[in-house]
Structures are given as C-alpha cells and as structure tokens.
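**Q** I would like the atomic coordinates for the input below:
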Amino acid sequence: MSTTPSIAKDGHYRKGRLCYAIVLLVAIVFLVSPNRILAQQEAADDTATQAESDDDQVEAFDPREFAELLSQRKLDQAAQMLQQAREGSEDDPQWWSPNLNLAMAQIRTDRAAGLERLRDQYDQMLQAEQIPRDALRMFPLICQYLGAMSSDVDQTLGLIDRGIDKLQSINSEQATSTLTTMRTLKAQTLSRADRADEAKAMFDQLLAEAEDAQPNEFLRTAGTYLQLLGSDYPDAAADVQSRAEKVATTMISSDQRTSSDLMSYLNFMTSVANYQRRDDPEQSAETLNRLSSEIEEFSEGVKGAEARVLEMYASRINSMRKSMESEIKRAELIGTEAAEFPDVAYVAMDEASLSDLRGKVVLLDFWAVWCGPCIATFPHLIEWQEKYADDGLVIIGVTRPYNYRWDEEADRAVRSGSDSEVSFEDELAMLEKFRESHELQHGFVVAKPGENYSSKFMVTGIPQAVLIDQEGKIQMIKVGSGEQNAKALEGKIRELLGVTGS
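**A** Have a look, this model is predicted:
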C-alpha cells in the first residue's frame, strides 16, 4: 500500500513537498562536492578565458552585488539588474546561473513567479544549440528541484525525459556523465513514486551498461541502488553490493588509480555503510572503522586538492561514526519499555501518560517548529491519523520550547531575538496556531524548560518517530523523513494493529 497521499487531499501533500523542496534548495545551492574541489583549478582557467571575451555589458553586471541583493531578499532589484544586463543577449548561457539563483530565491516569496522562471530557463536550455560544460549540471538540478515542488510524477518524468533527449544529442564526456545522472534521477523518481519495478529495471540497465566500461559510474549507481531499492529487493541488492565491492577493490588497488577513482570508492563505501545501518548498525560501524583506517593510509604523502578531499571524507566518516553510536544505542531500545512523559504541557489533547494508553499503538513524533524535514512528514501523519485512529493508533507530537511566537500578520511561527524571551504560555499558544495552520489532527506534548525527554529515546536528529506497541514496548525507531521511513513505519503500524487489506 502506498504511503503517498493522493493529490486530492487538499494541500497536505503539497505542503510537505514544499518543505522538502526548501530543504533541497539549501542543499543543492550551497553543496560543494569533492569533485568540484578537484576541478577548481580547471574551472578557474575557464573563467579566465571567458573573462577575456566579456563585453562592456557583462562588465556592468556585478555578481557580488547581485548575490548581495539575493541574500537581502531584494528580489525585485535583483530581477531588474539581471534584466538590464541580459538585454540584447537573453539567450547567452552566461546568464543561466544568476537566473537560476534568482528563480530559487523567488520561489520562497513568490512561488508561481519563481517556478515560471525556472521552467522558462529549462526550456531555454533545451532549445540552445550549444551547452557550456559547466551548465550541464543544471539539467539534473532543475529537474530535481521542479520535481520536489510538484505532486505530478508524470510531469516530472516528462521534464527528465526531455533533458535526457537533449543530452543524448551532445557528444562530450561531460554530457555522457550528466546523462547518466539524469537517468539515475529518473529511476529515483520512479522509486519514490512507488513504481519500484520500473525503477529497478532502469537501475539494472544502468548497472549493466557501466559495469565493465565505466567503473566510476557503476559504483555511483550501485550506491544509489542500495539506498533506494535495498529494502524492496534485498536479494538483488546483495548481488549488486557484491559486484560493486569487487569493482571497488580492483579500482582502489590499481597502480593507475586516479583521484576520481579514490572518490568513487569512498562514495560507494559510505553508501554501503548507510545502507547497512538500517538493519545492521554494528556492521555499518565496522565498515566505517575500516574506511577510517584506509583514509589514513591513502593520506600518506598526499598533498593539494586530493589531501583536502581526504580530509573532507575523514570528517564525514567521523560524523557518521558518532551517529552510528547513537544508532546502535537506539537499536538497543527495541523491545524495552518506553519512558513515561516527564513534566509536560499538552496541546490539543487530553492529559495522558503512556501507561494510560496501554492497549493502543502509540507513535511519538519528535519534531520542532523550525524543522523543514519534520514538516515534510506531516502529510503522512495526517493520512495515518485518518486511516488508523479508529483501529487504535494514537499519534503524539513531542517537542520543546524554542523561543518561537506566532506572528499574526505573517500568519506563521517566528523566532524571537536573543534579547526577547517568549513565555512558555505564548509558545504553547503558538503551537496551537501552528497545528491549525498545517491542519494536523493529532496533539502535542511539550516538555517544560529543563526537561530532556528526547534523551530517553537517543534523539540526536529530528524528525524521529518512535512506535510503541499495546504493551508499552518500543517496536520501531526511525530517524528522518522520506518515503522509505514512511513505508516502514506504516507497515509496522498495520502489523501491530492487525490491519489487513488496503
């Protein structure tokens, strides 16, 4: 049974997708990948070459001033500045990057205008005779973003297919790499739309094409396969992992190993560790420990960009190891009795202890009013409340004060400054308004200042869902948003409630 709400359910699904898209915006605009670090010198050379050919009109456009206008949310001025600079050269690819940044900034304040600008740019790119190498990365970026903002999967797939057709007409190594990214994005979109069989068929084809001829692409695709399809096809995932580990070992052991090979190996092995942590956190910890040792070996005598990349991976793996320690401790909570509520206040629900709720299946949703991924889970919580409340499911949001109040004029929660403290009563009133604005059907417990209830469940990141059975025992803990967590939680809810059929 799909956990994706139907489009007809008012704005619930769209609100969740919007919150996810805002989180995605931050990730895709500011993410600096290891590949880009290694390419900095080459990019600098390209920039210098282009600078020699810039005309007076381009020189009048100050990228720093433009970026400052965006950061200050002076979007009308930024739009006017870009329009004036583009006059007479609207189709020039040099304007694609600033126009893309403007579109994404506009979406936050004027969603319709921002999306229209983004679609127009995509159409312009599809029609362009020449695509600069650095602009190719915009194809998957725009498709991913437009897809996150839309509830129409077929429309998103259509955008991706048009990009694939365009990239297939470009004869370059960079275009081939981007084409693989676009095809992978299509498979990801199919998977997240509960069309796993179609996604698997695409991934299988991508893996078959890359296994012998493109080992780097093979490892990247294999890592994505494990993340997206590992739960649905465990036997196939085990086979893919085994094949990919052989490719990775051969690659990393070669005397002709390149920096790209090294990054492909590290990316794949961190994907393996992430995949393992779902069902076997201890095995995942072993993989990360091995990677840490290998990075120390790789770092001997290495300097420059590659050394910085290794430092980045070492930091990433260290962070993952700390997270894994928490994951192991969370796993140890399964089957134990859930800790009772401490001194809490109640929002939109009657006072109740977990003992009072014995005989019910209880879902504790640890969240915060400022947390985009938390809000992205609301459509699922609304759906489950509607579907399973009569069968014995009780959903309770668990949060604490974060110094937020309700802004009546803006009709949203806002954080007060460090010099202004929101009273506990006003924060509770804000939560009432927040709950109503998102049309949530469940109530909240709010830990009073000084209480640290979340530590009882090893909450190190939110959202975190804790599923408690009719006897008060913890049966499942899931951290983060996303369709895979939602599917796992709903499956367990149905199992505990004894719900069958659709």
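
**Q** Can you name the helix or strand that Ser150 falls in?
**A** Assigned by DSSP states H and E, Ser150 falls within no helix or strand.

**Q** Verify the contact between it and Leu157 for me.
**A** No: contact criterion Cβ atoms under 8 Å: Ser150 and Leu157 do not qualify, at 10.5 Å. Where you see a C-beta, it was placed from the backbone N, CA and C, and this is true even at glycine.

**Q** More neighbours: those two, which one.
**A** Leu157 (19 against 16; other Cβ atoms under 10 Å).

**Q** Isn't the more buried one up against Gln188?
**A** No: between Leu157 and Gln188 there is no contact, the gap being 11.0 Å when judged by Cβ under 8 Å.

**Q** Enumerate every residue touching Lys456.
**A** Residues near Lys456 by Cβ atoms under 8 Å, 6 or more residues apart in numbering: Ala339.

**Q** What separation is there between it and Tyr346?
**A** 18 Å (Cβ to Cβ, to the nearest Å).

**Q** and Glu282, how many neighbours?
**A** Glu282, neighbours per other Cβ under 10 Å, totals 13.

**Q** whoops, Ala389 was the one
**A** By other Cβ under 10 Å, 14 other residues sit near Ala389.

**Q** which residue ranges form the strands in the stretch 401-502 of the chain?
**A** Secondary structure of the stretch 401-502 of the chain by DSSP state E, counting those that start in this stretch: the strands cover 404-407, 412-415, 443-447, 464-468, 474-479.

**Q** ok, the closest residue to Glu421 other than its chain neighbours - contacts?
**A** Of all residues not flanking Glu421 in the chain, Asn403 sits nearest, at 6.4 Å (Cβ to Cβ, 6 or more residues apart in numbering). Contacts for Asn403 (Cβ under 8 Å, 6+ apart) come out as 415-416, 421-422, 427.

**Q** and the longest helix for the chain?
**A** Determined from DSSP state H, the single longest helix within the chain is helix 304-333.

**Q** got the angle for that one vs strand 474-479?
**A** Here the directions of helix 304-333 and strand 474-479 differ by 160 degrees (axes from the mean of the first three to the mean of the last three Cα atoms, to 10 degrees).

**Q** The following helix or strand past helix 304-333 pairs with which strands, parallel or anti?
**A** Proceeding N to C from helix 304-333, the next assigned helix or strand is strand 344-347, under DSSP H and E. Strand pairing for strand 344-347, using DSSP bridges, gives strand 443-447 (antiparallel).

**Q** Grab the CA positions of the strand it pairs with and hand them over as CSV.
**A** C-alpha atoms of strand 443-447 as CSV (Å, rounded to 0.1, in the frame of the first residue of the first chain):
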residue,chain,number,x,y,z
GLY,A,443,-2.0,16.7,19.7
PHE,A,444,1.4,17.5,21.2
VAL,A,445,3.2,17.1,24.5
VAL,A,446,5.6,19.9,25.2
ALA,A,447,8.5,19.3,27.6
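
**Q** pLDDT on it, on average?
**A** The pLDDT scores in strand 443-447 average 97.

**Q** Now do it: everything it contacts.
**A** 341-349, 396-401, 427-428, 431, 435, 453-454.

**Q** filter those residues to the buried ones?
**A** Applying 16 or more other Cβ atoms under 10 Å to those, the neighbour count classes 341, 344-345, 347, 396-401, 427, 431, 435, 453-454 as buried.

**Q** From the chain's centroid, how far away is the longest helix of the chain?
**A** The chain centroid and the centroid of helix 304-333 are separated by 18 Å under Cα atoms, centre = their mean, to the nearest Å.

**Q** tell me which residues in it are buried?
**A** Per 16+ other Cβ under 10 Å, helix 304-333 contains these buried residues: 306, 309-310, 312-314, 316-317, 320-321, 323-324, 327, 330-331, 333.

**Q** try stretch 84-97
**A** Buried residues in stretch 84-97, counting neighbours by 16+ other Cβ under 10 Å, are found at 85-86, 93-96.

**Q** Pop the domain breakdown of this protein in here.
**A** As assigned by automatic domain parsing, the chain contains the domains 227-333, 344-497.

**Q** angle of the longest helix of the chain against strand 464-468?
**A** Per the same axes, to 10 degrees, the angle that helix 304-333 makes with strand 464-468 is 20 degrees.

**Q** name the helices or strands packed onto helix 304-333?
**A** helix 34-38, helix 259-276, helix 281-299, strand 474-479 (3 or more Cβ pairs under 8 Å, 6 or more residues apart in numbering; DSSP states H and E).

**Q** rewinding a little: out of the domains of the chain, which comes closest to Ala60?
**A** Closest to Ala60 of the domains of the chain, according to Cβ to Cβ: domain 227-333, at 33.7 Å.

**Q** mind checking the end-to-end distance for that closest one?
**A** Taking Cα to Cα, to the nearest Å, domain 227-333 runs 24 Å from one end to the other.

**Q** so how far is that domain off the chain centroid?
**A** Taking Cα atoms, centre = their mean, one finds domain 227-333 lying 19 Å from the centre of the chain it belongs to.

**Q** The chain should start at 390 in everything you say after this.
**A** Sounds good: first residue 390 from here, last item domain 616-722.

**Q** follow-up on the earlier one: which among the strands of the stretch 790-891 of the chain is found nearest to Tyr664?
**A** Of all those, it is strand 863-868 that lies closest to Tyr664, at 14.9 Å by Cβ to Cβ.

**Q** Direction included, what does that closest one pair up with?
**A** Sheet partners by DSSP bridges: for strand 863-868, these are strand 853-857 (antiparallel).

**Q** want to try JSON lines for the domains of the chain, with distance to Ile553 as columns?
**A** Output for the domains of the chain, formatted as JSON lines (distance: least, Cβ to Cβ, whole Å):
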{"stretch": "domain 616-722", "distance to Ile553": "19"}
{"stretch": "domain 733-886", "distance to Ile553": "23"}
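
**Q** ok, of those, where does mean pLDDT dip lowest?
**A** Looking at these, the bottom one is domain 616-722 with a mean of 89.

**Q** Report the buried residues of stretch 865-881.
**A** Buried residues in stretch 865-881, defined by neighbour count with 16+ other Cβ under 10 Å: 865-868, 870, 872-879, 881.

**Q** right, I mislabeled it, should have said stretch 806-820
**A** By 16+ other Cβ under 10 Å, the buried positions in stretch 806-820 come out as 811, 815-816, 819-820.

**Q** before we move on, what about stretch 747-757?
**A** Neighbour-count burial for stretch 747-757 flags 749-757 (criterion: 16+ other Cβ under 10 Å).

**Q** okay if I get those residues as a markdown table plus distance to Gly619 and secondary structure?
**A** Listed next are the buried residues of stretch 747-757 as a markdown table, based on distance: Cβ to Cβ, whole Å; DSSP: H, G, I helix; E, B strand; the rest coil:
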| residue | distance to Gly619 | secondary structure |
| --- | --- | --- |
| Lys749 | 32 | coil |
| Val750 | 26 | strand |
| Val751 | 28 | strand |
| Leu752 | 24 | strand |
| Leu753 | 26 | strand |
| Asp754 | 25 | strand |
| Phe755 | 25 | strand |
| Trp756 | 26 | coil |
| Ala757 | 29 | coil |
